[in-house]
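Engineer: with the sequence up front, the predicted model follows.
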Amino acid sequence: MATVDVIKCCLDAIRQISENIKDAIVYLDAGSSESFQFVGAFPLFLELGARAVCSLENMSALDKAVDWSTDSDSARKIVVITSRLLIDAHRYILRCLSTLQNVRHCAMYTSISEVAHSTYPNSPLGPDAFHEYESLLNQDYEELLKKHETDRILSGNISLKESTNSEDEGWSELTSIEDNITGHENEDAVSSARPHQEDDSGQKLMLSVHHFPLILCPFSPKVFVLPSEGSVAEASLSAEHENSISSGLPPLSTGKLADTDDVSPGATLTAQFLYHLALKMDLKLEIFSLGDLSKTVGKLLTDMSSLYDVGRRKRSAGLLIIDRTLDLLTPCSHGDSLVDRIFSSLPRRQRVTSLNQTRVSQSQLKNDPLKLERAPLSVEIPLEKFIIEENAKSNSQLLKTLEAFLVGWNTVDSDSQTVELMKLSKKLSDESCFQHNEGELLHGSFVSTDNFHGAPYLEAMLDRRTKDGAMLIKKWLQESLRRENISLDVKIRPGFPSNSELQSLVKALAKRQSSFLKNKGIIQLAASALHALDQLHSASWDAFNSAEKILHVNAADTSQSLAAQISDLINKTALVASQVQKKNQGLFTLQDALLLAIIGYILAGENFPTSGSGSPFSWQEERFMKDAIVDAILENPAITKLKFLHGLDNLQKIKPDEKKEDPSGNLDDVEFDDDDDQWGNWGDEDAEKDTDKEEVFGDMQLKLELRDRVDNLFKFFYKLSSMKRNSALESRRNDDPSSSKGLLYKLLTSILDKNDVPGMEYHSSTVGRLFKSGFGRFGLGQAKPSLVEQNVILIFVIGGINGVEVREVQQALTESSRPDIELILGGTTFLTPNNMLELLLGQYSHI
């Protein structure tokens with residue numbers, strides 16, 4: 001039986017729409033572009049006959065000029081693939097139709113199902129959502145054309161357009177169209193669309209909407225997350241209530257199933273995605289869930305199943321849905337994973353912002369569901385240093401050689417030679433600057449299908465720790481150099497490679513253009529590893545890792561030692577803020593200390609449980625921590641961007657006022673001024689005293705407000721410490737090697753050992769319910785299935801996953817008695833510790 005391969009399924013889904021792709025301009029929105037980048041689908045689009053593959057949000061009238069087809073006729077077809085709701089992509093689709101010429105057929109593919117479109121809050125589309133949208137788009141397009149036609153007749157410019165040769169339509173207006181795209185694109189860019197009715201007046205624009213569910217970002221054939229700018233990842237997972245902690249995370253589990261009317265948009269869209277993913281992969285799911293929101297999603301999935309779906313010949317598989325809030329410790333921690341280090345250190349691609357975002361009314365923003373801005377998964381790998389640095393060195397060496405030559409050739413006419421040398425130096429420096437600017441565009445990105453002799457790079461990295469991953473990269477580089485017959489001047493030592501050794505290997509492989517293009521996958525991976533392992537990023541990550549280990553040790557001791565350690569970390573951030581000009585590597589900022597405080601409170605809740613929602617620490621211990629945070633905030637007022645400090649914009653004024661209280665200031669100057677004219681200032685002294693009193697009173701009020709905000713922060717910490725962890729999976733013995741593992745490892749180990757997991761719920765299928773309710777009366781009841789009996793297991797974490805969890809899940813499977821199980825791990829997004837800090841304390845926090 002064929003193995004389950006997420007990447008292959010995605011590529012096969014693209015091939016199934018090849019009829020529409022052929023001879024069409026393909027437009028991808030930001031989410032689908034991110035997905036197809038990981039899949040490696042761009043060459044496939046060209047192989048299937050696409051004229052060009054372009055960005056939907058940044059579309060241009062010049063897109064039709066980028067044509068890979070040999071056909072000289074202008075494109076009559078466009079294909080739009082979006083990971084968003086059709087209503088969200090509407091303005092971009094309308095702009096494509098109004099800007100491009102001679103388009104007679106537009107096929108739109110969305111990853112959001114028709115049912116999800118109709119059930120989404122405030123959606124204008126009904127049960128027949130796709131056909132309704134076709135009518136809506138056609139109506140808006142025709143109105144746009146009529147409006148532009150009327151404007152042209154009134155302005156008296158219609159005669160000029162009619163005299164234009166049909167063979168050169170639109171080319172004279174490309175510049176003006178480009179200008180209008182950044183402004184009122186829907187009003188003015190139609191100037192190139194009017195010929196539709198002139199050339200093909202008898203033909204109507206053909207519109208079609210289809211469902212394309214397989215828009216996801218696979219890191220390997222068995223690991224995937226959802227695109228960051230897709231509607232599923234952007235949808236809110238929880239509304240603000242007493243058990244919620246963030247819009248981007250599920251609520252804390254209480255054991256109660258949410259009402260159907262209170263289901264979050266993220267839960268609905270996630271259920272629809274998982275259902276259609278299983279359909280595309282021909283899997284019949286036995287659904288299990290762990291966590292309140294996961295139970296809601298499991299119930300939605302069960303309700304969506306039908307007798308027809310269950311009765312089809314499909315491969316049986318187990319689906320386990322898990323709430324991210326059951327284990328916040330793992331994604332907040334800086335674990336031993338090279339992939340986590342890479343994604344935490346590399347800069348991300350800028351999110352695509354809406355051109356019409358400022359035009360949306362405030363009332364509409366209030367009524368629409370909240371949408372999150374997830375961190376893009378597309379990273380910017382710095383390749384320019386390996387490509388341009390050699391050219392810069394050669395230019396510098398050339399300049400020195402010419403200088404020595406000119407000085408030695410003729411010392412009499414040295415002035416003119418110096419002038420010429422300066423001109424040459426300026427020219428070379430200008431070229432170097434140009435190359436540097438050009439190099440800023442040379443940012444690589446990860447492609448999951450890039451491989452070394454059939455071994456995908458990303459898949460191999462996910463299963464390895466930092467040192468093992470670095471040594472594997474070194475091995476791949478050395479083998480690539482041998483295959484290219486490239487010799488090295490530097491001797492490479494065996495064992496863990498240093499940064500200089502990796503850098504010399506990468507430079508040697510990238511020196512020739514042919515070898516660079518042939519080995520771009522390993523070069524990009526090595527460059528990203530070098531970036532993550534450099535002194536700046538490595539020192540910060542290792543400092544975090546050491547601090548987290550100390551917190552774990554103190555948590556196994558007493559609450560006093562853990563509280564003292566948290567206070568000490570926060571106090572050090574105040575010292576760093578006061579000496580910011582001496583910023584040393586490895587020292588923490590206040591944001592870093594708050595992330596460590598979150599980890600400390602989660603550990604305290606596990607080791608020192610309390611009844612109710614109180615603090616796991618005594619009030620004296622907590623007071624020291626609160627005072628440390630207040631002092632650190634006053635030393636670093638720039639932290640006010642965190643949500644619990646919103647509105648406190650005058651914190652920077654407090655510190656200078658405190659310094660002014662020092663009586664040892666310029667006393668001599670004061671006495672000198674008194675001798676000048678004491679009577680003239682006699683009436684101003686009381687006014688100055690009143691002003692000082694007002695400032696002191698204002699500072700006191702601000703400090704009291706700050707302390708109230710810090711108190712609210714600690715109430716939020718109480719929530720995190722009171723999370724209901726699965727006690728059956730927790731092991732607190734220091735001699736147990738699994739005690740430091742994450743929840744997914746412990747959960748999968750327990751399942752594969754055929755142990756019961758408290759709180760895990762099984763959602764029976766339609767046929768199962770029939771057996772229970774009907775045939776069960778006659779003794780024909782159906783036994784509850786087990787996950788370990790399945791040959792395929794799909795684990796999906798609502799809220800996201802990280803690299804450490806991928807490695808630990810694979811380790812649990814390898815150590816089990818069923819290593820033959822095909823396990824697929826998915827999540828809402830890929831999480832780093834910085835992402836968790838933003839979710840818990842940033843703008844999406846429910847603090």
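Structural biologist: Here it is on my side, so go on.

Engineer: tell me the secondary structure at I287.
Structural biologist: Secondary structure, DSSP: H, G, I helix; E, B strand; the rest coil: I287 is strand.

Engineer: mind checking how far it is from F343?
Structural biologist: In this view, I287 and F343 are 30 Å apart by Cβ to Cβ, to the nearest Å. Any C-beta I mention is one placed from the backbone N, CA and C, and that applies to glycine too.

Engineer: of those two, which one has the most company?
Structural biologist: Legend: neighbour count by other Cβ atoms under 10 Å for I287 and F343, higher for I287 (26 against 23).

Engineer: show the pLDDT at the more buried one.
Structural biologist: In this model, I287 is scored at 93, pLDDT.

Engineer: run a quick neighbour tally on the nearest residue to M723 once chain neighbours are set aside.
Structural biologist: Using Cβ to Cβ, 6 or more residues apart in numbering and skipping residues adjacent in sequence, the residue nearest M723 is L252, 5.7 Å away. For L252, the count of nearby residues is 22 (other Cβ under 10 Å).

Engineer: I'd say L252 and N243 touch.
Structural biologist: Yes. Contact criterion Cβ atoms under 8 Å: L252 and N243 qualify, at 4.6 Å.

Engineer: gap between stretch 12-19 and the chain center?
Structural biologist: In terms of Cα atoms, centre = their mean, to the nearest Å, the centre of stretch 12-19 is found 27 Å from the chain centre.

Engineer: next structured bit after the helix or strand L702 falls within?
Structural biologist: L702 belongs to helix 684-721 when assigned by DSSP states H and E. The element immediately downstream of helix 684-721 (helix or strand, assigned by DSSP H and E) is helix 743-752.

Engineer: may I have that following helix as CSV, with CA atoms only?
Structural biologist: Provided in CSV are the C-alpha atoms of helix 743-752 (Å, rounded to 0.1, in the frame of the first residue of the first chain):
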residue,chain,number,x,y,z
LEU,A,743,3.4,16.6,26.0
LEU,A,744,3.4,15.1,22.5
TYR,A,745,6.2,12.7,23.3
LYS,A,746,4.5,11.5,26.6
LEU,A,747,1.1,11.3,24.9
LEU,A,748,2.3,9.3,21.9
THR,A,749,4.4,7.0,24.1
SER,A,750,1.3,6.3,26.3
ILE,A,751,-0.9,5.6,23.3
LEU,A,752,1.6,3.3,21.6
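
Engineer: now do that helix: everything it contacts.
Structural biologist: If you take Cβ atoms under 8 Å, 6 or more residues apart in numbering as the criterion, helix 743-752 is touched by 290, 320, 322, 326-327, 330, 726, 728-731, 738, 757, 787-788, 795, 797, 801, 805, 808-809, 811-813, 815-818, 821, 823, 825.

Engineer: so how far is that helix from its chain's centroid?
Structural biologist: Counting by Cα atoms, centre = their mean, helix 743-752 comes out at 27 Å from the chain centroid.

Engineer: quick one: average confidence on that helix?
Structural biologist: In this model, helix 743-752 has an average pLDDT of 93.

Engineer: after that helix comes which helix or strand?
Structural biologist: Next element after helix 743-752 (DSSP H and E): strand 761-763.

Engineer: packing partners of that next one?
Structural biologist: strand 283-290, helix 292-304 (3 or more Cβ pairs under 8 Å, 6 or more residues apart in numbering; DSSP states H and E).

Engineer: what's the last one in contact with?
Structural biologist: In this case it means helix 292-304. Contact partners of helix 292-304, identified using Cβ under 8 Å, 6+ apart, comprise 115, 237-238, 250-258, 263-264, 267-268, 270-272, 274-275, 285, 287-289, 319, 321-323, 761, 763-766, 798.

Engineer: just the buried ones among those residues, please.
Structural biologist: When the contacts of helix 292-304 are checked for burial by 16 or more other Cβ atoms under 10 Å, the buried set is 115, 237-238, 250-253, 258, 263-264, 267-268, 270-272, 274-275, 285, 287-289, 319, 321-323, 761, 763-766, 798.

Engineer: got JSON lines for the helices and strands packed on strand 761-763, with distance to L472 too?
Structural biologist: Listed next are the helices and strands packed on strand 761-763 as JSON lines, based on distance: least, Cβ to Cβ, whole Å:
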{"stretch": "strand 283-290", "distance to L472": "32"}
{"stretch": "helix 292-304", "distance to L472": "35"}
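
Engineer: can you tell me how far G742 is from S98?
Structural biologist: Counting by Cβ to Cβ, the gap between G742 and S98 amounts to 50 Å.

Engineer: mind pulling up the pLDDT for the nearest residue to Q560 once chain neighbours are set aside?
Structural biologist: Closest residue in space to Q560, ignoring its immediate chain neighbours: E621 at 6.3 Å, by Cβ to Cβ, 6+ apart. Predicted confidence (pLDDT) at E621: the value is 89.

Engineer: buried residues in stretch 233-240?
Structural biologist: Under the neighbour-count criterion of 16+ other Cβ under 10 Å, stretch 233-240 has A233, E234, A235, S236, L237, S238 buried.

Engineer: ok, the last one - contacts?
Structural biologist: Yep, that's S238 we're talking about. By Cβ under 8 Å, 6+ apart, S238 lies in contact with S244, I245, S246, S247, L249, P250, P251, S264, G266, L293, H846.
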